[in-house]
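Student: following is a predicted model, sequence given first.
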Amino acid sequence: MAPARVRSMQVGMTLPVMEPDLWDAPDTLERWARTIDEGPFSSLCFGERVAFDNPETLTLLGAVAAWTTRARLITTVVVPQLHHPVPLAKALATADRLSGGRLTVGLGVGGREEDYRAAGADLATQTMGAMAERVATMRRVWAGENLTGSTRPVGPPPLQDGGPELLVGTMGPKTIRHAASWADGLAGVTLDLDTAAVGGLFDLARTAWAEAGRPAPRLTTSFWFALEETSGGRAREQVHRHLRHYMNWIPVEFVDAMAPTTGFAGTLAELRVVLDRFADLGCDEVQLIPTGSSVEQVERVAEIVGG
């Protein structure tokens, strides 16, 4: 019997860009991208780090634009303070063009000082205000303003009118209130799958956007996952290994303490139940974050998505 499908909510899939064995096979990212695009997933996602061995985000955007034709491409998230806003606007507009207008940009201030140091960025700009200033500059570039005094303004213009959809990376209410004036929605993450807490943030966002006179926000969240069916029955161990590798800037004893309750580890049927709980909150999309590099995870999750 085919497994029951997730109801009334989009499900995206994140590329395994933070896995330690990512580069063991040269075509891992391409195989993942094509499998996601050919499946029922609504989006293909990946985030940014600098002081790590993941692929450079803006370069990867160009590759996935070429490898895919359907799924929306979402950065979860880019840290604009690690870039000059004018060339960043140019790079994102280029990705929007190359993908046929399929780009959504998740933006966040970033939680790792080492990334700021590696990028030569000013730690004093690690604020919501500094991020909002860069967003305003990028939107002016996308509108065709000549901000540099050059012979021609910086282009190309993005394919999407006004530029790509912008989501703010957030886990808390302060960020939501600050971003209501400029963001189009939330690029959230939940560590412990607490739907009551996520629902509270969604309600706050709906209120904040309404008070700012903005259209209703797009509400998305994400979480790490491992399936018993693809991890040899050791899904929780897979999540733990991933967290130890990814969260290398946090003392290992703290990571070990949070690992037993972080993310999802279980069967495909249990994952469907969890996703339905988020659908009941009015979540527009959940973006799943893999904790292993085997593309079999994508193929298995596809069994419960869509329909």
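Tutor: Perfect, I can see it now. Numbering: from 1, shown residues only.
Student: which residues sit against stretch 29-43?
Tutor: 10-13, 15-17, 22, 44, 55, 60, 63-64, 67-74, 104, 285, 287, 295, 298-299, 302, 305-307 (C-beta atoms under 8 Å, 6 or more residues apart in numbering). Where you see a C-beta, it was placed from the backbone N, CA and C, and this is true even at glycine.
Student: now do 6 Å
Tutor: 10, 12-13, 15, 44, 64, 67-68, 70-72, 74, 285, 295, 298, 302, 305-306 (C-beta atoms under 6 Å, 6 or more residues apart in numbering).
Student: repeat that for stretch 283-298.
Tutor: 9-14, 16, 19, 21-22, 28, 31-32, 35-36, 42, 45, 218-222, 224-226, 230, 238-239, 242, 275, 278.
Student: can you list which of the contacts of stretch 29-43 are found in strands?
Tutor: 10, 12-13, 44, 72, 74, 285 (DSSP state E).
Student: give me the buried subset of these.
Tutor: 10, 12-13, 44, 72, 74, 285 (16 or more other C-beta atoms under 10 Å).
Student: let me have those in a markdown table, extended by distance to residue 84.
Tutor: Output for these, formatted as a markdown table (distance: C-beta to C-beta, whole Å):
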| residue | distance to residue 84 |
| --- | --- |
| 10 | 33 |
| 12 | 29 |
| 13 | 31 |
| 44 | 26 |
| 72 | 26 |
| 74 | 22 |
| 285 | 30 |
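Student: so for residue 208, what's the nearest residue that isn't a sequence neighbour?
Tutor: Spatially, and ignoring its direct neighbours in sequence, residue 208 is nearest to residue 180 (3.9 Å; C-beta to C-beta, 6 or more residues apart in numbering).
Student: that neighbour contacts residue 212, correct?
Tutor: Yes - the pair residue 180 and residue 212 qualifies as a contact (C-beta atoms under 6 Å) at a distance of 4.3 Å.
Student: the more surrounded of these two?
Tutor: More neighbours surround residue 180 than the other of residue 180 and residue 212, with 21 against 15 (other C-beta atoms under 10 Å).
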